[in-house]
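Undergrad: sequence unavailable; structure follows:
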């Protein structure tokens, strides 16, 4: 009798800890990012969703992003995705959506979110953005910086000697002295982040030494 009662209790606990209720993709976005490569810029998608699950974010298991027209898909497991919080809301996703060769597809994408109980929710997203500007360049010599960029918004991303992120600084001028930018004293390298907010496109250069 005791063993039977224990089994019933365990069954109840399991039913609560692994809900089969469907999760929900409340919102999401796709942004195109060009990264500087040895043979030229390479395209990546930054894809993030705002999810909901009755049992919390920890109950979410995986995301699939499908582009049905090209028969491509990407799989993101919970131990692989990135997360960040804005105004108490947790976003999850990745900045590593890419293809082996060529450009990423455009058009309609289909995201499918699964939780650990097998529940799922599907939502479609459309991305038709295109790069409108040449890849930017940054040069720093003798304490002065020169930015070659036609992008509407330009920022410097600062890192310390170990490569840890420190701060992002918006540039009001494409030329000037590094000392006038108010960078953190521990900053040793910077990368240029150029952005076309209207078109959901960005470009990121390799890091360069400040001095």
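TA: Ah, there it is. Since the model is a prediction, treat every value here as computed from it, not as a measurement.

Undergrad: mind checking how far residue 140 is from residue 191?
TA: Residue 140 sits 11 Å away from residue 191, taking Cβ to Cβ, to the nearest Å as the criterion. In this view, the C-beta of every residue, glycine as well, is placed from N, C-alpha and C.

Undergrad: give me the helix or strand of this structure that scores worst on average pLDDT.
TA: One helix or strand of the chain scores below all others by mean pLDDT, DSSP states H and E: helix 2-17, with a mean of 42.

Undergrad: following that helix, which helix or strand comes up?
TA: strand 24-35 (DSSP states H and E).

Undergrad: helices or strands next to that next one in the packing?
TA: Secondary-structure packing of strand 24-35 (3 or more Cβ pairs under 8 Å, 6 or more residues apart in numbering; DSSP states H and E): strand 42-52, strand 107-115, strand 120-127, strand 201-204.

Undergrad: check the contact lists of residue 140 and residue 191 and give me the overlap.
TA: Shared contacts of residue 140 and residue 191 (Cβ atoms under 8 Å, 6 or more residues apart in numbering): residue 208.

Undergrad: domain ranges for the protein?
TA: Following automatic domain parsing, the chain resolves into domains at 19-127, 137-209.

Undergrad: how far does the shortest one sit from the chain's center?
TA: If I follow you right, that is domain 137-209. Its chain's average C-alpha position is 19 Å from that of domain 137-209, according to Cα atoms, centre = their mean, to the nearest Å.

Undergrad: give me the most central residue, this structure.
TA: The residue lying closest to the centre of the chain (Cα atoms, centre = their mean) is residue 95, at 3.5 Å.

Undergrad: what sits against that one?
TA: Applying Cβ under 8 Å, 6+ apart, the residues contacting residue 95 are 33, 44-47, 82.

Undergrad: tell me what residue 29 is bridged to.
TA: For residue 29, the beta-bridge partners are residue 48 (DSSP bridges).

Undergrad: how far away is it from residue 98?
TA: Residue 29 is 17 Å from residue 98, where distance means Cβ to Cβ.

Undergrad: repeat that for residue 70.
TA: With the distance defined as Cβ to Cβ, residue 70 ends up 13 Å from residue 98.

Undergrad: likewise residue 143?
TA: When residue 143 is compared with residue 98 (using Cβ to Cβ), they lie 36 Å apart.

Undergrad: kindly report the same for residue 74.
TA: 9 Å.

Undergrad: what about the two, which has more around it?
TA: residue 74 (18 against 14; other Cβ atoms under 10 Å).

Undergrad: in terms of helices and strands, where is that one?
TA: Applying DSSP H and E as the criterion places residue 74 in strand 72-77.

Undergrad: that strand - what's its average pLDDT?
TA: The average pLDDT for strand 72-77 rounds to 97.
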